[in-house]
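Peer 1: Just a sequence and a predicted model for now, questions to come.
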Amino acid sequence: MPFVDEPVETLRSLIDGAKKVVVFTGAGISTESGIPDFRSPGGVWERNRPVSYQEFLASADERRRYWRQKFDGHDAIVNAQPNAGHRAVAAMIRSGKAISVVTQNIDGLHVRAGVPEDKVVELHGNTTYAHCLQCATTYDLDPIRVAFEAKGTLPVCQACGGMVKPATISFGQSMPPEAMRRAEAATLQCDLFLAIGSSLVVYPAASFPVLAKENDAKLVILNREPTQMDAIADLVINLEIGPTLAAALMVN
């Protein structure tokens, strides 16, 4: 997609003029790394109905369906590499321009691109490892996958006997309070809120751009498609994410 110079220059100017940027990212930044978009038409969840948290807790059959879906798409995530968009975000963090990355993504690519873990707020968790729902002991996914694909074995916590689940937030599961607190605190500090690759329809995560605007921050939306929040944004850019950010920040 060709660049339109004016919005890229405007984005650069807004970033240059900001003192504290919050970068908010959704699935669109990672589709350029080959990770499928779960929610969009034709996405994974349209083809495979997701297992709700309540179903996961209530039924061994539903837990097996959950793990089957998880491992069907697992390789695409673990083999994905950070793209130009992730690297540009990491550059903003390194420079001190951005104070936090608040992400709806569960792929861990921001950290792999070089953003320190304490600068990333994962609102929907992380799919690259599992944890016990009772005692929070963490587990590597590889042995779980081997046992599941060999015999359909469901993982059980070795420490307390609790259910083990990927460390992501499922439908019907409560949002992590600490991540929400950190995201709100960062949003209230920023003078520029940069929403990247998100449809801005999934709440409560989508409330943060509104909170930023209400707190007098500038709002930029960079997404390939229009969003329902375009009307309140100070700048909307509908272009490819990685090349646009790289051009605005003049990084590779």
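Peer 2: Arrived safely. Keep in mind the model is a prediction, meaning the values are calculated, not measured. Residues are numbered from 1 along each chain as shown.
Peer 1: So R145 versus I99, what's the distance?
Peer 2: Distance from R145 to I99, counting by C-beta to C-beta, to the nearest Å: 37 Å. For glycine as for every other residue, the C-beta is placed from the backbone atoms N, C-alpha and C.
Peer 1: What of P36?
Peer 2: Counting by C-beta to C-beta - P36 and I99 are separated by 30 Å.
Peer 1: Now do the contacts for the most centrally placed residue in the chain.
Peer 2: Geometric centre of the chain, nearest residue: N105, 1.7 Å, by C-alpha atoms, centre = their mean. Contacts for N105 (C-beta atoms under 8 Å, 6 or more residues apart in numbering) come out as 25-27, 29-30, 122, 124.
Peer 1: Can you give the domain ranges for this structure?
Peer 2: 1-36+83-124+175-252, 38-72+127-168 (automatic domain parsing).
Peer 1: which stretch in those domains is the model least sure about?
Peer 2: Mean pLDDT values for the domains of the chain show the minimum at domain 38-72+127-168, a mean of 90.
Peer 1: what about the longest strand in the chain?
Peer 2: strand 125-132 (DSSP state E).
Peer 1: Need the CA coordinates for that strand. PDB is fine.
Peer 2: Extracted in PDB, the C-alpha atoms of strand 125-132 (Å, rounded to 0.1, in the frame of the first residue of the first chain):
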ATOM      1  CA  GLY A 125      -2.500 -12.500  29.100                       C
ATOM      2  CA  ASN A 126       0.100 -14.500  27.300                       C
ATOM      3  CA  THR A 127      -0.300 -17.700  25.300                       C
ATOM      4  CA  THR A 128       3.400 -18.800  25.300                       C
ATOM      5  CA  TYR A 129       3.200 -20.500  28.600                       C
ATOM      6  CA  ALA A 130       0.600 -22.100  30.900                       C
ATOM      7  CA  HIS A 131      -0.200 -21.700  34.600                       C
ATOM      8  CA  CYS A 132      -2.300 -23.200  37.300                       C
END
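Peer 1: what does that strand rub up against?
Peer 2: Here strand 125-132 makes contact (C-beta under 8 Å, 6+ apart) with 70, 74, 77-78, 106-108, 137-141, 144, 155, 157, 159-160, 162-169, 176.
Peer 1: That strand pairs with which strands, and in what direction?
Peer 2: Using DSSP bridges, the strands paired with strand 125-132 are strand 138-139 (antiparallel), strand 164-168 (antiparallel).
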